[in-house]
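*Asks:* The following block contains a protein sequence and its predicted model.
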Amino acid sequence: MTDMAGRAELLASLRSQVSGLGLAVQDANDEGFKGAAESILVKWPLGQRKVVYGMSVRLAEPDHVVRFREMVKERSWGLLPPTLTVETTTIKGWERSGARAEHAPGAGGGKVDYGQVREALKATVEAAGWRFELEGGRMP
């Protein structure tokens, strides 16, 4: 096990990693931060669907634990265009892995990877000597 990284150093490293993965960092403070990215947008005059990936990180200094929460939120209205959707999902406990891709000709699309951010942050946290905890079933 490596030496434990300091709280500020680990938090800065996690923030930069989340930004590098394409998420916008929000509500950053000394305890943690939230991140979100609009992954899929299918839009045409009769309706739209938007899929947003959200996550949060909280550091617990005395226990050297990083608590991670994540969710995928979908909003839609109106009549959606014909869309080709390909989804592969694996669920193990609260961990959801896999990807979902959508493509609507002339109306947009996108892709969301369910485990990409979690696995990247988990590796960074464990390399810093902290413990990574996934808080499943809770909103970020």
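*Replies:* Okay, I see it.

*Asks:* which helices and strands does the lengthiest helix in the chain pack with?
*Replies:* When the chain is parsed with DSSP state H, its longest helix is helix 7-20. Counting contacts by 3 or more Cβ pairs under 8 Å, 6 or more residues apart in numbering; DSSP states H and E, the secondary-structure elements packed against helix 7-20 are strand 24-26, strand 32-44, strand 47-60, helix 116-127. Where you see a C-beta, it was placed from the backbone N, CA and C, and this is true even at glycine.

*Asks:* and of these, who's closest to Leu11?
*Replies:* Ranking these by distance to Leu11, with Cβ to Cβ as the measure, places strand 47-60 first at 6.2 Å.

*Asks:* starting at the chain centroid, how far to the next helix-or-strand element following the closest one?
*Replies:* Heading C-terminal from strand 47-60, the first helix or strand you meet, by DSSP states H and E, is strand 65-78. On the basis of Cα atoms, centre = their mean, to the nearest Å, strand 65-78 is displaced by 7 Å from the centre of the chain it belongs to.

*Asks:* Stretch 126-140 too?
*Replies:* Taking Cα atoms, centre = their mean, one finds stretch 126-140 lying 12 Å from the centre of the chain it belongs to.

*Asks:* got any ranges where the protein has weak pLDDT?
*Replies:* Counting by pLDDT under 70, the chain contains low-confidence residues at 1-5.

*Asks:* buried set for the longest helix of the chain?
*Replies:* Counting neighbours by 16 or more other Cβ atoms under 10 Å, one finds that the buried residues in helix 7-20 are Arg7, Leu10, Leu11, Ser13, Leu14, Arg15, Gln17, Val18.

*Asks:* Checking my notes, Arg100 in a helix, right?
*Replies:* No: checked against DSSP: H, G, I helix; E, B strand; the rest coil, Arg100 lies outside a helix; its state is strand.

*Asks:* Tell me how far it lies from Glu135.
*Replies:* As judged by Cβ to Cβ, to the nearest Å, Arg100 and Glu135 stand 22 Å apart.

*Asks:* between those two, who's got more neighbours?
*Replies:* Taking other Cβ atoms under 10 Å, Arg100 and Glu135 do not tie; Arg100 has more neighbours (19 against 14).

*Asks:* Would you check that the more buried one makes contact with Arg49?
*Replies:* No: here Arg100 lies out of contact with Arg49, judged by Cβ atoms under 8 Å, at a distance of 11.7 Å.
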